[in-house]
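Novice: What follows is a predicted structure for the sequence shown.
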Amino acid sequence: MNARERFLETIVHFNQHVVPPKWEFGYWGSLIDDWYGEGLEKRHYPHVPKVISNPSASIANAAWNSLNGNKLPKGIAVTGGGLYYPANDFALDRDVMETLNMDRGQIVVNVNLLFHPMFDVEIIEEDAERLVYVDLEGVKKLFLKESENYPSPLAYPITHWESWERLKEERLNTKDIAGRFPKHWAALLENYKSRDYPLVLGGFPAGYFGTLATLMGYENLFFNYYDDPRFIHDIQNTFTDLWIALYSEVLSQVDVDLYVFWEDISAGTGSMVSPAMMREFMLPYYRRMTDFLRHHGVEAMFVDTDGDCFDIIPIFLEGGVTGMYPIEASCGMDIVQVRNTFPQLQIMGGIPKYEIIYGKERIDQILEPVQEVLKDGGYIPFGDHLISPGVLWTDFKYYRLQLNSILEKSRKYG
């Protein structure tokens, strides 16, 4: 069975006899460079993409490409299969994957989910230390070149009703859905239809918290939940209308295996939004979107959120979501507790990434819960976010080969 078939059998059908896909969420760029120095064979260096595709895929293009040389930025993500690609100008790993016998990862449908036309990248200020610019989604950002970390927002395109109405009229209408598809769509479509990997729809920045936080900032969003609820609902309705129109065209041409709502709504100690606020401002739109997706045959609909999201899982389930990831154990999420409490929930991730640094004995311990949850199906185990700098290649290799062995021994075929 290929990676796509095993994904569907594992996640959709809870088939306990199939080896789940061997994926990792991903790795930080500085870690990959460390591993090359520690013995990982360098055959396919994961370069930063150069070509701008759409806001979802190319949002950090100007920042990463302002650095000199071809070395990976320290703060870039390198995707490892469990995190869909292309997104956020992340790089794509092949060397770790091929060395440790891992599987082809998720690919996201390459269409423009945000502003059309995109904003032009505008360089406002640049020197050897910093870059201030406006990106493809109209957010003004600061990139500190020495730190090589993800750029920080300074100003947002949605500030009040007037700015929002202008964006709706000029860049968020449904008059030119075809213009949201890339020029090489025909070639992509041919590849999608003959795929041996899971095809994803949605992802960054499509969410009912994440999109708003990205385009108006957390503070403005939180104030408007109270000060102008009609404003928030208008934004949610507009994006839902747009996405459904766009997805209708995509799904008329190709089926997909997974939908991802990108939210990042949780922090280390819980959700940033109360359950009551979620029910008022998010739940109706979740229901509308999941009803639409289910009608079009999509059976796996995940929420991507970091942090401790345990208390809000019931709300997502009520909204029609079927799965969650990356189940961040480092923030207190326990995959055994999650599975026992929500037996129908599809799960990916859940292994505490920071613990790998402690070596073989600790690695064996953190893999014990994985074996328990695998017994029930519906679970693809990997690190609970990007593997962090400081993890030695020898320790990661031991962890990953042990996990591969657990997956293979616990299954009869596939």
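Specialist: Cool, got the structure.
Novice: What residues does Leu201 make contact with?
Specialist: Val108, Val109, Tyr247, Val250, Leu251, Val256, Leu258, Tyr259, Val260, Leu293, Val298 (C-beta atoms under 8 Å, 6 or more residues apart in numbering). C-beta: built from backbone N, CA, C; applies to glycine.
Novice: give me that answer again for 10 Å
Specialist: Neighbour list for Leu201: 84, 108-109, 111, 113, 243, 246-247, 250-251, 254-260, 293, 296, 298, 301 [criterion: C-beta atoms under 10 Å, 6 or more residues apart in numbering].
Novice: In space, what's closest to it - neighbours in sequence excluded?
Specialist: Once flanking residues are discounted, Leu201 sits nearest to Val256: 4.5 Å by C-beta to C-beta, 6 or more residues apart in numbering.
Novice: Surely the one you found and Val109 touch.
Specialist: Yes. Val256 lies in contact with Val109 (C-beta atoms under 10 Å); the separation is 6.7 Å.
Novice: what pLDDT does Tyr413 get?
Specialist: We have a pLDDT of 52 for Tyr413.
Novice: In the helix or strand where Tyr226 lies, which residues are buried?
Specialist: Assessed by DSSP states H and E, Tyr226 sits inside helix 218-227. Buried residues in helix 218-227, defined by neighbour count with 16 or more other C-beta atoms under 10 Å: Asn220, Leu221, Asn224, Tyr225.
Novice: What of stretch 121-134?
Specialist: Buried, per 16+ other C-beta under 10 Å, within stretch 121-134: Leu131, Val132, Tyr133, Val134.
Novice: and stretch 82-94, what's its mean pLDDT?
Specialist: 94.
Novice: returning to that earlier point: model confidence score at the residue nearest to Leu201, please.
Specialist: Reading off the model, Val256 has pLDDT 98.
Novice: who's in contact with it?
Specialist: Listed by C-beta under 10 Å, 6+ apart, the contact partners of Val256 are 108-109, 192, 198-202, 247, 250, 293, 296-298, 300.
Novice: if we can go back for a sec, which one among the buried residues of helix 218-227 gets closest to Ser274?
Specialist: Among the buried residues of helix 218-227, Tyr225 lies closest to Ser274 (C-beta to C-beta), at 9.2 Å.
Novice: so that closest one touches Met272, yeah?
Specialist: No. In this structure, Tyr225 is not within contact of Met272 by C-beta under 10 Å, at 11.0 Å.
Novice: could you pull out the helices for the stretch 1-150 of the chain?
Specialist: Assignment of helices within the stretch 1-150 of the chain using DSSP state H, counting those that start in this stretch yields the ranges 3-7, 29-38, 55-58, 61-64, 95-99.
Novice: Does anything pack onto the helix or strand harbouring Tyr285? Which helices or strands?
Specialist: For Tyr285, the enclosing helix or strand under DSSP H and E is helix 283-295. Secondary-structure packing of helix 283-295 (3 or more C-beta pairs under 10 Å, 6 or more residues apart in numbering; DSSP states H and E): strand 199-202, helix 229-251, strand 258-262, helix 275-281, strand 301-304, helix 313-318.
Novice: Now do the helix or strand containing Ala186 against helix 229-251, angle only.
Specialist: Element membership of Ala186, judged by DSSP H and E, is helix 185-193. Here the directions of helix 185-193 and helix 229-251 differ by 80 degrees (axes from the mean of the first three to the mean of the last three C-alpha atoms, to 10 degrees).
Novice: in helix 185-193, what counts as buried?
Specialist: Trp185, Leu188, Tyr192.
Novice: Show me what that helix packs onto, helices and strands only.
Specialist: Partner elements for helix 185-193 (3+ C-beta pairs under 10 Å, 6+ apart): strand 107-108, strand 199-202, helix 229-251.
Novice: One more pass at 6 Å, please.
Specialist: Using 3 or more C-beta pairs under 6 Å, 6 or more residues apart in numbering; DSSP states H and E as the contact test, no helix or strand touches helix 185-193.
Novice: and that helix, C-alpha only, in PDB?
Specialist: Extracted in PDB, the C-alpha atoms of helix 185-193 (Å, rounded to 0.1, in the frame of the first residue of the first chain):
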ATOM      1  CA  TRP A 185      -2.800  24.100 -12.700                       C
ATOM      2  CA  ALA A 186      -3.200  21.600 -15.500                       C
ATOM      3  CA  ALA A 187       0.100  19.900 -14.600                       C
ATOM      4  CA  LEU A 188      -0.700  20.000 -10.900                       C
ATOM      5  CA  LEU A 189      -4.100  18.500 -11.500                       C
ATOM      6  CA  GLU A 190      -2.600  15.600 -13.500                       C
ATOM      7  CA  ASN A 191      -0.200  14.900 -10.600                       C
ATOM      8  CA  TYR A 192      -3.000  15.200  -8.000                       C
ATOM      9  CA  LYS A 193      -5.200  12.700  -9.900                       C
END
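Novice: circling back to that earlier point, for the residue nearest to Leu201, phi and psi?
Specialist: With angles defined as degrees, to the nearest 10, Val256 sits at phi -130, psi 160.
Novice: ok, now Gly270?
Specialist: Main-chain torsions, Gly270, degrees, to the nearest 10: phi 140, psi -170.
Novice: Now do the contacts for it.
Specialist: Asp308 (C-beta atoms under 6 Å, 6 or more residues apart in numbering).
Novice: what does Val121 give?
Specialist: With contact set as C-beta under 6 Å, 6+ apart, Val121 has these partners: Ala62.
Novice: Model confidence for it, exactly?
Specialist: Reported pLDDT for Val121: 95.
Novice: Pro182 versus that one, what's the distance?
Specialist: 17 Å (C-beta to C-beta, to the nearest Å).
Novice: Kindly report the same for Thr322.
Specialist: For Thr322 relative to Pro182 (C-beta to C-beta), the value is 29 Å.
Novice: before we move on, what about Ile235?
Specialist: For Ile235, the distance to Pro182 - C-beta to C-beta - is 26 Å.
Novice: so where do the strands sit in the stretch 301-414 of the chain?
Specialist: Along the stretch 301-414 of the chain, the segments classed as strands by DSSP state E, counting those that start in this stretch run 301-304, 323-325, 346-351, 379-383.
Novice: how about low-confidence regions in this structure?
Specialist: Applying pLDDT under 70 to the chain flags residues 411-414.
Novice: Fine by me, we can end here.
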